[in-house]
Structure formats: C-alpha cells, structure tokens
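In: Sequence first, predicted model second:
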Amino acid sequence: MKIVSSLMLIVLIASIASAEIMSTGDPIGQGKFAVSGNYVKDSKVGTIGSDDMNMSTWGGNIGYGLTDKLDLYFTAASSNVGNLPTGVAMSVATIGLVTNYQFLEEGANSSISVAGRLGYKSMNFSATSFSVTANNIVSQYLAAVEISKKLSAFTPYVGFGYCNYYSGGSEPSTQLGVTVGGSYAWLPNSSILVELTSNTVSASWLPAYSNSQIGVGINYYL
C-alpha cells in the first residue's frame, strides 16, 4: 500500500495530460453539434527515483452551440501512466464540462479570432501495486484563452491555459501552459489538429517543474 500511496501523491501534484485547448476557438454555431477525438502524450507526470513517469491519453468531446458565440462541451478521457516500477499500474478516467466563448471574430474589424474557455473536470486516479489498489478523486478547474488566424484551409493558433487541481483537504497544485498548434480543414466539415504544449507545474510544498505535451486530434461538425 505504501508504494501505491506514494505514486498517487506524485501524480496528483502533477497535471494529467489532457487536451485542454486542442481547438482554434471557433464557435460551432447555434443549435449545431460537433464531435472530436484526440490523443495526447505527456513527457512527465512525476518522478520515481531518477525516472520520469509519462502519460498517454485518449479523449473525446461532444459539443453543442448554445448561441452563435457560446458552446458547451462534454469531455471524457482515459489515461495510462508509463515508466512505472515492475508490478505497478496506474490509470486515470476523466469526465467534465467545458464552455467556449468567442470574444472576437476574425473579419472586417479584426485580423484574428479570440476565444475564452472555462471548465471543470473530475478525475478518478486508480493505482495498483500487485494485488493492492488505491483510488482518489481530483477536481480540475481550468481557464484558457485561444487566439487563431485563418490562412485559407490552415488555421494556426496559440493558447494560454491555467488549471488548479484539488483533492479533499490537500493543498492544490497549479498548471500553467502555452500551446502552439494548427488546424487543417481537409473537408468542409472536418479538420485535423496538431499541437505542442509546454507546461509548468507547481505546488506549495514542491519546487516547480516543466513538462511537454504533443497532441493530435480530429474534429467533425454535424
């Protein structure tokens, strides 16, 4: 049980590899739906001795346009932690709701689009050491700003994200991230995205450290 508890603590203070932005920020459109799937690889979610744990995440979103500017997304993801000691396994199941609002639309009055994002996610961490299993629920609160520019079928974008993680009465951990990515509209109602994120993770009782994420995804507008 002791090794499970130690591993759980390490991952709780690090941020889960999830696609917080993975979007140009463009609205879906009132009364319309969109679906997306993505894969994210996180280079580091904690350290055991001299070895860095990594994480792979498969996720998806279902979005609905509440207005011409405001969208609501239901998000779900499944993650597995890698580079663990022999006999130890760890996974994370995530569900959440995220809103996206376009403050500024690219057009005659602006050369860029600007959108903001707020959300909440619940993450169920499960760690197993041989026959012993431990679970913990972590709440994630997130905020992000997305800036994009259309260049024909290609849309580059940059995002700035902030996340807080809470678990019971423990001290929260914080993640600050900068994302650079691009979306290519290979069909009128579909796009492929690739992005790279650099994160800084910190908690009051530990020194800050940095990690990186690479993500790929596909969006489809119904």
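Out: Perfect, thanks for sending it.

In: so how far is stretch 110-127 off the chain centroid?
Out: Once both centres are worked out by CA atoms, centre = their mean, to the nearest Å, stretch 110-127 turns out to sit 7 Å from its chain's centre.

In: which stretches of this protein form helices?
Out: 2-13 (DSSP state H).

In: What is the least confident helix or strand in it?
Out: Scoring the helices and strands of the chain by mean pLDDT, DSSP states H and E places helix 2-13 at the bottom, with a mean of 55.

In: Which residue ranges of this structure form strands?
Out: Listed from the start of the chain, the chain has strands (DSSP state E) covering 33-42, 47-48, 51-52, 54-65, 70-82, 88-104, 113-129, 132-148, 154-166, 173-187, 190-203, 206-221.

In: List the beta-bridge partners for residue 57.
Out: Beta bridges link residue 57 to residue 40, residue 79 when assigned by DSSP bridges.

In: swap that for residue 176, sorry
Out: residue 162, residue 200.

In: How about residue 91?
Out: Under DSSP bridges, the residues paired with residue 91 across the bridge are residue 80, residue 126.

In: Wait, it touches residue 81, no?
Out: Yes: because the distance of 7.1 Å satisfies CB atoms under 8 Å, residue 91 is recorded as touching residue 81. C-beta: built from backbone N, CA, C; applies to glycine.

In: With neighbour numbers in mind, choose between these two.
Out: residue 81 (25 against 14; other CB atoms under 10 Å).

In: Next, the contact list for the more buried one, please.
Out: Neighbour list for residue 81: 11, 45, 53, 54, 55, 89, 90, 91, 92 [criterion: CB atoms under 8 Å, 6 or more residues apart in numbering].

In: if you set the cut-off to 6 Å instead, what comes out?
Out: Contacts of residue 81 were listed using CB atoms under 6 Å, 6 or more residues apart in numbering, and they are 53, 55, 90.

In: From residue 194, how far off is it?
Out: Residue 81 sits 23 Å away from residue 194 when distances are taken as CB to CB, to the nearest Å.

In: low pLDDT regions in this structure?
Out: For the chain, applying pLDDT under 70 flags the ranges 1-22, 47-50, 169-171, 205-207.

In: how many other residues sit next to residue 179?
Out: Per other CB under 10 Å, the neighbour tally for residue 179 reads 23.

In: nope, residue 51 is what I was after
Out: 11.

In: Show me what it bridges to in the sheet.
Out: Beta-bridge partners of residue 51, counted by DSSP bridges, are residue 48.

In: do the same with residue 62
Out: With DSSP bridges applied, the residues forming beta bridges to residue 62 are residue 35, residue 74.

In: Go ahead and confirm it touches residue 75.
Out: No: taking CB atoms under 6 Å as the definition, residue 62 is not a contact partner of residue 75, at 8.1 Å.

In: Settle it for me: which of the two has more neighbours?
Out: For residue 62 versus residue 75, the count of surrounding residues by other CB under 10 Å is larger for residue 75: 22 against 14.

In: residues contacting the more buried one?
Out: Residues touching residue 75, when contacts are defined by CB under 6 Å, 6+ apart, comprise 61, 96, 98.
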